[in-house]
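Undergrad: Fold the following.
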Amino acid sequence: MKHSYLTKEGFAKLSAEYDELKKRRPQLVMHLEEARQMGDLRENAEYHSTKESLAKLDKRTFNLGEKLKTARVIDKSKIAADGKILLGSTVTLKNLDSGAQLIYQLVDPEEIDIDAGKISVASPIGDGLLEKRSGDAVEIKVPAGLLKLKILKVE
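TA: Next up is the predicted model:
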């Protein structure tokens, strides 16, 4: 069984979304029944729209359920024990070209929140930082070109 790894906050967020989707399903089923009673299903846009929404909700609910079932919550106190950048690490970087300082937390793709500085470990930057240590200089190929970064701190 393949495990997924989530931060404590990410697990709580996905659990809340899962619970909300489970609550919304009966409403959509009821709406689908009402739309079905409106007549000819071939030309009933509301029926088809609701049916599509229900299918998307079911798919998302199933995927979240599987992810939560196999999830392992990351203990942040043990992340940087050996100084390596791992999933859940918060990393302070310096862009060697612009001099800008960046702070990112590497998270599971489900937890991405660019505004909060949470980037996916599967992204080019996240993947390029994995297993590196404080003090390392890295070059990461991104769609815009080559990114030259110095790792200042790993937490």
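
Undergrad: Where is the longest strand in the chain?
TA: strand 145-154 (DSSP state E).

Undergrad: packing partners for it?
TA: strand 90-95, helix 124-129, strand 137-142 (3 or more C-beta pairs under 8 Å, 6 or more residues apart in numbering; DSSP states H and E). Any C-beta I mention is one placed from the backbone N, CA and C, and that applies to glycine too.

Undergrad: Recalculate using a threshold of 7 Å.
TA: strand 90-95, strand 137-142 (3 or more C-beta pairs under 7 Å, 6 or more residues apart in numbering; DSSP states H and E).

Undergrad: Packing partners of the last one?
TA: Pointing back at strand 137-142 there. By 3+ C-beta pairs under 7 Å, 6+ apart, strand 137-142 packs against helix 124-129, strand 145-154.

Undergrad: Let me see the domain layout of this structure.
TA: Using automatic domain parsing, the domain parsing of the chain gives 4-73, 76-154.

Undergrad: May I see those arranged in TSV, with mean neighbour count and mean pLDDT as well?
TA: Formatted as TSV, the domains of the chain follow (neighbours: other C-beta atoms under 10 Å; pLDDT from 0 to 100):
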stretch	mean neighbour count	mean pLDDT
domain 4-73	14	93
domain 76-154	15	91
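
Undergrad: what distance separates the longest strand of the chain from the centre of its chain?
TA: 22 Å (C-alpha atoms, centre = their mean, to the nearest Å).

Undergrad: do the same with stretch 90-101
TA: That offset, for stretch 90-101, works out to 23 Å (C-alpha atoms, centre = their mean).

Undergrad: if we look at it, which residues are touching it?
TA: Residues from elsewhere that reach stretch 90-101 (C-beta atoms under 7 Å, 6 or more residues apart in numbering): 85, 102-106, 129, 148-155.

Undergrad: Please repeat the previous calculation with a cut-off of 8 Å.
TA: Stretch 90-101 has contacts (C-beta atoms under 8 Å, 6 or more residues apart in numbering) with 85, 102-106, 129, 137, 147-155.

Undergrad: Likewise for stretch 27-38?
TA: So stretch 27-38 is contacted by 44, 46-47, 50-51, 53-54, 57 (C-beta under 8 Å, 6+ apart).

Undergrad: Let's see which of these end up in helices.
TA: 46-47, 50-51, 53-54, 57 (DSSP state H).

Undergrad: Distance to residue 24 added to those residues, as JSON lines?
TA: JSON lines is the format used below for these (distance: C-beta to C-beta, whole Å):
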{"residue": "46", "distance to residue 24": "17"}
{"residue": "47", "distance to residue 24": "18"}
{"residue": "50", "distance to residue 24": "12"}
{"residue": "51", "distance to residue 24": "15"}
{"residue": "53", "distance to residue 24": "9"}
{"residue": "54", "distance to residue 24": "10"}
{"residue": "57", "distance to residue 24": "6"}
